[in-house]
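Undergrad: sequence? don't have it. structure:
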């Protein structure tokens, strides 16, 4: 099995995949989300197609479950965490750098809930995003402040568009995500 450094990625390509994934997610186009997650796994993590499909499956299942249960507010955190743990274990298995994949999965799920229900949690989106990436990249979270700030701004734009029941400014979202991943690249 070939392994790749997580620190070697093209920020613009990763941001492009993520922006397209967000569009698919918010439009409930979960099949497209799955295919984009496969592409992201190949681009960001440098894995073979079969592994990328497994990564896409686990992350898409977690995201779909989270998205569809928004209306009921009865999220099954156990299932979401199980799928995210499988996803991060696959990243761990194909990465040159070791990290606590169980903690990374927990922090990923945590920021999803912090983003959805910010009034219920004592930390900000930015702090939650930085904590998760700090675990994955084994770095101090203060080095990831720019990454977290730009990504959170993109999230707020999408949230505002959803509240206003209008289409998000996807070009602006993508430009913020590019800045976010450029900052991540510098921070790691």
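TA: Thanks, I have it. Quantities reported herein were computed from a predicted structural model and do not represent experimental measurements.

Undergrad: give me the element the residue nearest the centre of the chain is part of.
TA: Taking CA atoms, centre = their mean, the centroid of the chain lies closest to residue 108, which sits 7.2 Å from it. Per DSSP states H and E, residue 108 falls inside helix 101-116.

Undergrad: any chance you could list what contacts the next helix or strand after that helix?
TA: Using DSSP H and E, the helix or strand that follows helix 101-116 in sequence is helix 125-137. By CB atoms under 8 Å, 6 or more residues apart in numbering, the surrounding residues in contact with helix 125-137 are 6-7, 88, 91, 97, 99-100, 103-104, 107-108, 110-111, 114-115, 118, 121, 123, 139-145, 147-149, 151-152, 155-156, 184, 187-188. C-beta: built from backbone N, CA, C; applies to glycine.

Undergrad: ok, then the element right after helix 125-137?
TA: Beyond helix 125-137 in the direction of the C-terminus, DSSP H and E gives the next helix or strand as helix 145-163.

Undergrad: so which elements touch the helix or strand following that next one?
TA: Once the chain leaves helix 145-163, the next helix or strand it forms, by DSSP H and E, is helix 170-187. Contact partners of helix 170-187 among helices and strands, from 3 or more CB pairs under 8 Å, 6 or more residues apart in numbering; DSSP states H and E: helix 11-26, helix 125-137, helix 145-163.

Undergrad: out of these, the one nearest residue 48 is which?
TA: helix 11-26 (17.3 Å; CB to CB).

Undergrad: following the closest one, which helix or strand shows up next?
TA: Immediately after helix 11-26, counting by DSSP H and E, sits helix 30-45.

Undergrad: and residue 95, backbone torsions?
TA: The phi and psi values for residue 95, taken as degrees, to the nearest 10, are phi -110, psi 140.

Undergrad: likewise for residue 94?
TA: phi -110, psi 10.

Undergrad: before we move on, what about residue 46?
TA: Here is the backbone geometry of residue 46 (degrees, to the nearest 10): phi 60, psi 30.

Undergrad: got a pLDDT number for the residue lying closest to it once chain neighbours are set aside?
TA: Nearest non-adjacent residue to residue 46, counting by CB to CB, 6 or more residues apart in numbering: residue 4, 3.6 Å away. We have a pLDDT of 93 for residue 4.

Undergrad: residue contacts, residue 4?
TA: Here residue 4 is in contact with 45, 46, 47, 94, 95, 96 (CB under 8 Å, 6+ apart).

Undergrad: let's have those residues in a markdown table, adding distance to residue 62, neighbour count and pLDDT.
TA: A markdown table is the format used below for those (distance: CB to CB, whole Å; neighbours: other CB atoms under 10 Å; pLDDT from 0 to 100):
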| residue | distance to residue 62 | neighbour count | pLDDT |
| --- | --- | --- | --- |
| 45 | 16 | 19 | 92 |
| 46 | 22 | 18 | 90 |
| 47 | 18 | 24 | 94 |
| 94 | 19 | 20 | 96 |
| 95 | 19 | 21 | 96 |
| 96 | 25 | 11 | 95 |
